[in-house]
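# My questions are about this predicted structure, shown below with the sequence.
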Amino acid sequence: MNAGKQELKVKRVSTRKRTRDSLNSNLTPAKKRGTGPEKGMLNGLMADENPTEYCSDNEDLFGDYDSILGDSSVMAKLDCVEQIARKQEPQQAVDSQPRHSDDRLTDSILDVFKDKSFEDLPAATPFDLSEDDVENMKMSELLQEDKTSTPLRIKKRTSEGRTKMGVVNTTEGQTSGVFSKARRSMTDHLKRAMLSNARAPSSVSCAKVLKEAVVTEEINVAMQAMETVSTVTTDLGPFFGLPTKVKELIYKLRGINDLYDWQKTCLNLDSIRERRNLIYSLPTSGGKTLVAEILILKELLCRKKDCLFILPYISLVQEKVRGLAGFGLELDFMVEEYAGSKGRFPPVKRRNNRSLYIATIEKGHSLVNSLIENGRLDNMGLVVVDELHMLGDGSRGAIIEMTLAKVLYMSNQTQIIGMSATLGNIKDIQTFLRAENYTNDFRPVQLSEYVKLKDTIYEVAPQEEDCLKFSRLLNFKYSSSMQRMDPDHIIALATEVIPAYSCLIFCPTQKNCENIAGMICKYLKEEFLVHKEKEKGVLLQELRSSGNGSMCPVLKKVIPYGLAYHHSGLTSGERRLVEEAYSSGVLCLLACTSTLAAGINLPARRVILRSPYVAADFIKRSQYKQMVGRAGRAGIDTVGESILIIQDKDRIMAKKLVSAPMETCYSNLTHNDGKGILSLILSIIGLNASTFITTTLEQVKDFMSGTLLCVQEDQLCVERNLWDMVQESLAFLKEKDLITISQCAQRETLEITKLGKATYKSSVDLTQCDVLYKDLSKGLESLMLNSYLHLIYLIMPYDMIAQCKPDWMAFFRQFTLLSASEQKMAAAIGVPESFVARKAAGQTVKKSVNMAAVRRLYLALVLFTLLKETNLWSVAERFQLSRGFIQTLLSSSSAFCSCVLHFTEEFEEFWPFKALLAELTRRLSYCVTAELVPLMEVAGVLEYRAKQLYNAGYKTLAHLANADPNVLSNTVENLNKRQANMMVASAKMLLNEKASALQEEVDELLMLPLDLPMASH
């Protein structure tokens, strides 16, 4: 507990008489407070116009108040107040308490005024007070103190006070019971107090005793406040309102000892203190994420609300789940992963724990829909969006906009925090989110940007007329063969920093990444082989294990030199191993595509942009800034450098690129023929229907007025205004049989159909929902259940089909291996064996065949084979596909299978699919043998690691969750202590989450129904 670490400040109260104007309370008369009269309020009885400046030790503090005993008007007022209080007291409290023959007097009328202050009344010295009197005085003092610091403690203290004051009376020699006591009148109480004071021996200083009593009481109050502060107030400690333990955890788990100045400023903004929406913009690697995490912890611990953290990629979600699991275990909150096929809808409703949902963009949208549908969105206290500038990024940007628009429209309790790159039209985003903006250009390491043209390197200098300033000439001694191999001098630029420092080379294509890594290692000296030779040997061994004995020949060749490539063609296991090796310094150079810049944070001393293109497109300013932003490692480098390599033809475009203002961000609801608007309107109508609210055109119009598209209507809706687009969207939805429009009470009402509800709840593309329904209906007529092939065919993602070009010989070989029933199924969907045989033989096929069905079956065969063999490398070789493509196909199929499962749940006729698809989703999510699945559920545990754990004796989730990280790292080969700690923390969090979900289910079952019929009297 941090209470003991807090500085205790005791305010010593002066013993001199105080003016009553400065101590107004609820008892202050209306005319003294400057407010209207209030019934039953009393104060100002002891007004002291001329307070005594000091008191001697022998002075009677209450001498001037003796006349109160003879003031009949004052006594009458007290009697009046007492009578009113007695009338207002709940009668049932008296009726329910049996009277005892030996009733004692008590001063419990203070209970009636438990929220009032009695500081203005004359106090007796403690010499001749009964125990009840002392407790009453303490109670009054505590109530006044608690009103502003720890409000929830009042109930606790009041109940304790009542127990002590005789409401509950259990004495030795009599049975425990509840007794009512007659009250001593207020008049008697005051007289008794004054007379007791008058009888006090004059040799003892009243002032001294009162001082000691006040100081002692304030110390007690302060100590009790500190003991309860962590569970009661919204300000839990000195670390931006959080306990010191959070700061210690950040150091322990992240190695961060202090925050940057901008982070402290941002966390102390008024918008943060007052929980207003905020966008904060900084360059890449500026430390934005830590601020978001502190705000999340504050919401979880202080306000006891759930939080949603939206990240753009599955890999980032998994990394964040692993990174925050330790915080969740130490601070008692749940960390739940919503990515791919993972995540519950609706999420488990927890009574005792708060949850942090870490989600991809798509899963975050589905989660918000689910919470709205179940009336639980107000439980979500905070939504954090990373890479908010992705609002302008195609269909994914449209999903972000839909998610945030719904949160803004449906809840005024949920705060939105957005982290963004610097944008040229941030005002539009502010207007949309009703947010404030904080911008800073801080970078932990100074970045120097350069452009290389031929043999000259220029420094980027926007203040110069040409935007470029001469820096230096290159003077590399290349042989003629080397010059032909490397005309852009990439080898020389890289070897200036490696192996002592790290280097990233961004390439336009995947193949170029592999070629660059191979080319550089050919011309490196032998000393590169010796550098961290042992660690590189371990990496090669791990890569071989992750590939079930197979390994990429390029990686096998380049890793001994400390080089590697990184792109989506690698498996997730290979990417993870390469990233960890680079972060730990085992690898000093990565040749990568631009996706690495948008994903996991892998900074470098020098960043080289091989070309200003991504594939065939000239890079955008935001992409350029994201890539060069990886230059400079905080805490390691003192400077970061970026070098953009250009040709003469790109010179003008390159100047614009490095000096152009930041790009603007526009709504993408109109992207791809307005799919965003269609999906948004459909979900609005569906969500209203789930809460039994009829949707009208006016409601749709009202909702759309809160979108970014409406803010930017003048720029984006040139040919037709927003309302026309809404009307067209409604007509399209009606035509697709997703909604109905009817006339009711002179206005049009909108209702969702069963197909429409299934579409929005499953997040299926609404332009393909009717095709999916027909495919499932047709498949149900002759569903083959003796293998997974038919089900896999039905859940094949439509967007993957177009990317497939079958290898006909591989297709034919696999087709001939199918059973008779499987071949019969293939013929039923329109792909007979004769067609595949003719294509494999290179013959012309006269009969028309649905090529979409052919490609779909080919991909289904790929997955079907992978499920049976679970060896990705052998399947990739057999079908002549890259292993990266097969892994993408697997993850896309598992996610789409989950969507199809939710789609079928809305149709009674599809009941057989519910159980079948639930199991298939699970199989596709992991694609391993059954005994490894429990270990694969842990965030970050991949197949090769699951096999290591299983073979080491850690065969279940419980085994892993209860493992000693030190023993684990010593038992499992090539597992360091940091990785072991994160793995155990993730396993514990998952185990807690599962146990908590089961407990909630038990509590729900045992809960007494609220509408239980009661016996009539």
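Cool, got the structure.
# From residue 395, how far out is the most centrally placed residue in the chain?
A centroid search over the chain (C-alpha atoms, centre = their mean) returns residue 309, at 2.2 Å, as the residue closest to the centre. In this structure, residue 309 and residue 395 are 21 Å apart, going by C-beta to C-beta, to the nearest Å. C-betas here are computed from N, CA, C, even on glycine.
# Please apply the same query to residue 383.
Here the distance between residue 383 and residue 395 works out to 20 Å (C-beta to C-beta).
# These two - which one has more neighbours?
The neighbour comparison of residue 383 against residue 395 (other C-beta atoms under 10 Å) goes to residue 383, with 26 against 16.
# and that one, what are its bridge partners?
Residues in a beta bridge with residue 383, per DSSP bridges, are residue 308, residue 416.
# so where's the chain uncertain?
Low-confidence regions of the chain, defined here as pLDDT under 70, cover residues 1-236, 692-694, 1016-1017.
# By residue count, which helix of it is the longest?
Longest helix in the chain by number of residues, with DSSP state H as the criterion: helix 977-1006.
# Spit out the contact partners of residue 644.
With contacts taken as C-beta atoms under 8 Å, 6 or more residues apart in numbering, residue 644 has the following neighbours: 449-452, 609, 612, 624, 628, 654, 657-658.
# let's see 7 Å
451-452, 609, 612, 654 (C-beta atoms under 7 Å, 6 or more residues apart in numbering).
# could you dump those to a markdown table with secondary structure and distance to residue 282?
Formatted as a markdown table, those follow (DSSP: H, G, I helix; E, B strand; the rest coil; distance: C-beta to C-beta, whole Å):
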| residue | secondary structure | distance to residue 282 |
| --- | --- | --- |
| 451 | strand | 24 |
| 452 | strand | 27 |
| 609 | strand | 22 |
| 612 | coil | 24 |
| 654 | helix | 25 |
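# Show me which of these is closest to residue 684.
Ranking the contacts of residue 644 by separation from residue 684, with C-beta to C-beta as the measure, puts residue 612 on top at 42.2 Å.
# surely that closest one meets residue 650?
Yes: the pair residue 612 and residue 650 qualifies as a contact (C-beta atoms under 7 Å) at a distance of 5.5 Å.
# Looking at those two, which one has more neighbours?
Under the criterion of other C-beta under 10 Å, the comparison of residue 612 against residue 650 puts residue 612 first, with 21 against 18.
# The residue nearest to the centre of the chain contacts residue 384, doesn't it?
Yes: shown here, residue 309 and residue 384 form a contact pair, counting by C-beta under 7 Å, at 4.9 Å.
# which residues do the two both contact?
residue 296.
# need the contact list for residue 878.
Neighbours of residue 878 in contact, by C-beta under 7 Å, 6+ apart: residue 810.
# after the helix or strand containing it comes which helix or strand?
Using DSSP states H and E, residue 878 sits within helix 872-879. Where DSSP H and E defines the elements, the next helix or strand beyond helix 872-879 is helix 883-904.
# Next SSE downstream of that following helix?
Proceeding N to C from helix 883-904, the next assigned helix or strand is helix 911-926, under DSSP H and E.
# Report all helices and strands that that following helix contacts.
Under the contact definition 3 or more C-beta pairs under 7 Å, 6 or more residues apart in numbering; DSSP states H and E, helix 911-926 sits against helix 883-904.
# send the alpha carbons of the helix it packs on over as CSV?
The C-alpha coordinates for helix 883-904 follow below in CSV (Å, rounded to 0.1, in the frame of the first residue of the first chain):
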residue,chain,number,x,y,z
ARG,A,883,4.5,-19.9,-47.2
GLY,A,884,3.5,-16.3,-46.4
PHE,A,885,0.5,-16.5,-48.7
ILE,A,886,-0.7,-19.8,-47.1
GLN,A,887,-0.4,-18.3,-43.6
THR,A,888,-2.4,-15.3,-44.8
LEU,A,889,-5.0,-17.6,-46.3
LEU,A,890,-5.2,-19.5,-43.0
SER,A,891,-5.7,-16.4,-40.8
SER,A,892,-8.2,-14.9,-43.2
SER,A,893,-10.2,-18.1,-43.4
SER,A,894,-10.3,-18.5,-39.6
ALA,A,895,-11.6,-14.9,-39.3
PHE,A,896,-14.1,-15.3,-42.1
CYS,A,897,-15.3,-18.6,-40.6
SER,A,898,-16.0,-16.8,-37.3
CYS,A,899,-18.0,-14.2,-39.3
VAL,A,900,-20.0,-17.0,-41.1
LEU,A,901,-20.7,-18.6,-37.8
HIS,A,902,-22.3,-15.4,-36.5
PHE,A,903,-24.2,-15.1,-39.8
THR,A,904,-25.8,-18.5,-39.6
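# Off-centre distance for it?
The gap between where helix 883-904 is centred and where its chain is centred comes out at 24 Å by C-alpha atoms, centre = their mean, to the nearest Å.
# quick one: contacts for residue 946?
Residue 946 is in contact with 928, 932, 935-936, counting by C-beta under 7 Å, 6+ apart.
# Buried only: go through those residues for me.
Neighbour counting by 16 or more other C-beta atoms under 10 Å classes 928, 932, 935-936 among the contacts of residue 946 as buried.
# Great, nothing more from me.
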